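> sharing a sequence plus its predicted fold:
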Amino acid sequence: MRGLTAGWTSVPAVSGIDLDIAEGRLTALVGPNGSGKSTLLKTVYRALRPASGLLLLGEDDLWRLPRREVARTVGVLGQDQHGGFDFTAREAVALGRAPHLGPFGRLGPGDAATVAECLAATGCAELAERPVSTLSGGERQRVLLARALAQRPRLLVLDEPTNHLDPRHQFEVLELVRGKGITVIAALHSLDLAAYYADRVVVLHEGTVAAAGPPRELLTPELLRRVFGIEASLLTDPVDGRPRLLIRPSRIPSVQEANPS
Ligand SMILES: Nc1ncnc2c1ncn2[C@@H]1O[C@H](COP(=O)(O)OP(=O)(O)OP(=O)(O)O)[C@@H](O)[C@H]1O
C-alpha cells in the first residue's frame, strides 16, 4: 500500500497508508471500532476503490488487474458476508473454484477434491449437504472460509474471521491459514489472538497506521493505553513460549469492587 486513502465521504476513513504486507505471513490488523480496518481491507479485495494511492500486488496495480485474475489471486472472508445461502455448503464452497474453471464452468475431479479437502479442513465435512441458510453463524463462517480457501488464493483477506466462533474454532481458523505459504491479512478484535498468531501486527488508529511490527515488540502497554484506552500485560505463554496479551480496564477495580459479597 502506497499513500492509500479511501473512505465513504469527503472525510477519508483511512488516509496516507504506507504498508508492506509480508508474503506468506499472517499480518493482523487491529484497531478500535471505526479505525478503518474494514475500509482498508475493502480496498484490497476491490469492494471500495481508493480515492488516491496505490495497492501493489507484486509489481502490479491491483486495481488495474483483470477481475478474473484478481478472483484467482485474492480470497476473501468479509464481515457478515452474504451470498450462497440458497446453496448447500458443498455448492457454496464449489463457488470458490469458479475463477479457475474453463469456459463451460464444469468442476473437474481435481476441483471436487479441492472442495472436499477445504470442507474437511474447516471442520465442515458433515455440513456439506446442508443448505447454508440453515447453518449457525459459526458454521456459516467456516463454510465461507472453506470457500475462500477453495479459491487457492495467494492472498487471503479476512475481516474478523473469528467472529461467531467458539474458542476452539477461533484457534483452528487461524491455525488453518497461518504458515501455509498464503499471505494473510486479518482484521482481528482479539488482541490476544493477534499476539499469539500474527507474524506482524498493524495498529490502525483514526484511519492511519499508529504502529506496525512483530507482536512482542509492538504491543506495549503504552501503545495499547494510547490507542485502545486499556491496560495490558504482554506475557509469554508458559506452555509454548508464544506471546499472550492480558488486558484489563483502564481503571482497575479494587479487590472489594471486583468481588462484591
Ligand atoms: N458504507 C459506509 N458509509 C459511510 N461511512 C462508512 C461506511 N462504512 C464505514 N464507514 C465509516 O468509516 C469509518 C471506518 O469504518 P470501518 O468499518 O472501516 O472501521 P473498523 O475499524 O472496521 O470498525 P469496527 O471495528 O467497528 O468493525 C467509520 O467512521 C465508519 O462509520
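Okay, I see it.
> output the contacting helices and strands for the helix or strand containing E117.
Using DSSP states H and E, E117 falls within helix 109-121. Counting by 3 or more C-beta pairs under 8 Å, 6 or more residues apart in numbering; DSSP states H and E, the packing neighbours recorded for helix 109-121 are helix 89-94, helix 137-150. Backbone N, C-alpha and C define where each C-beta goes, glycine included.
> which one, of the ones you listed, ends up nearest to the ligand?
Closest approach to the ligand among the helices and strands packed on helix 109-121 (C-beta to the nearest ligand atom): helix 137-150, 15.3 Å.
> the closest one - contacts with which helices or strands?
Packing partners of helix 137-150 (3+ C-beta pairs under 8 Å, 6+ apart): strand 74-77, helix 89-94, helix 109-121, strand 155-159, helix 167-177.
> can you list contacts of it?
When contacts are defined by C-beta atoms under 8 Å, 6 or more residues apart in numbering, helix 137-150 is touched by residues 75-77, 81, 84, 89, 92-97, 114-115, 118-119, 121-124, 127, 132, 135, 156, 158, 161, 163-166, 169, 173, 176-177.
> out of those residues, which end up buried?
Among the contacts of helix 137-150, the ones that count as buried by 16 or more other C-beta atoms under 10 Å are 75-77, 84, 89, 92-94, 96-97, 114-115, 118-119, 121-124, 127, 132, 135, 156, 158, 161, 163-165, 169, 173, 176-177.
> just those residues that are near the ligand?
Among those, not one lies near the ligand by C-beta under 6 Å from any ligand atom.
> R244 contacts L219, doesn't it?
No. Counting by C-beta atoms under 8 Å, R244 does not reach L219; the two are 10.0 Å apart.
> mutual contacts of these two, please.
Joint contacts of R244 and L219 (C-beta under 8 Å, 6+ apart) are 195, 234.
> neighbour count winner among those two?
Per other C-beta atoms under 10 Å, whichever of R244 and L219 has more neighbours is L219, with 24 against 18.
> report the contact partners of that one.
191, 194-195, 201, 232, 234, 243, 245.
> may I have stretch 217-234 as PDB, with CA atoms only?
Extracted in PDB, the C-alpha atoms of stretch 217-234 (Å, rounded to 0.1, in the frame of the first residue of the first chain):
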ATOM      1  CA  GLU A 217       7.900  -5.700  20.200                       C
ATOM      2  CA  LEU A 218       4.800  -3.800  19.200                       C
ATOM      3  CA  LEU A 219       2.100  -4.500  21.700                       C
ATOM      4  CA  THR A 220       3.500  -2.400  24.500                       C
ATOM      5  CA  PRO A 221       1.300  -1.200  27.400                       C
ATOM      6  CA  GLU A 222       1.900   2.400  26.300                       C
ATOM      7  CA  LEU A 223       0.700   1.800  22.800                       C
ATOM      8  CA  LEU A 224      -2.400  -0.100  23.900                       C
ATOM      9  CA  ARG A 225      -3.200   2.600  26.500                       C
ATOM     10  CA  ARG A 226      -2.900   5.300  23.900                       C
ATOM     11  CA  VAL A 227      -4.800   3.600  21.100                       C
ATOM     12  CA  PHE A 228      -7.400   1.400  22.900                       C
ATOM     13  CA  GLY A 229      -7.600   3.100  26.300                       C
ATOM     14  CA  ILE A 230      -6.900  -0.200  28.100                       C
ATOM     15  CA  GLU A 231      -4.200  -1.600  30.400                       C
ATOM     16  CA  ALA A 232      -2.400  -4.600  29.200                       C
ATOM     17  CA  SER A 233       0.400  -7.000  30.000                       C
ATOM     18  CA  LEU A 234       2.300  -8.800  27.300                       C
END
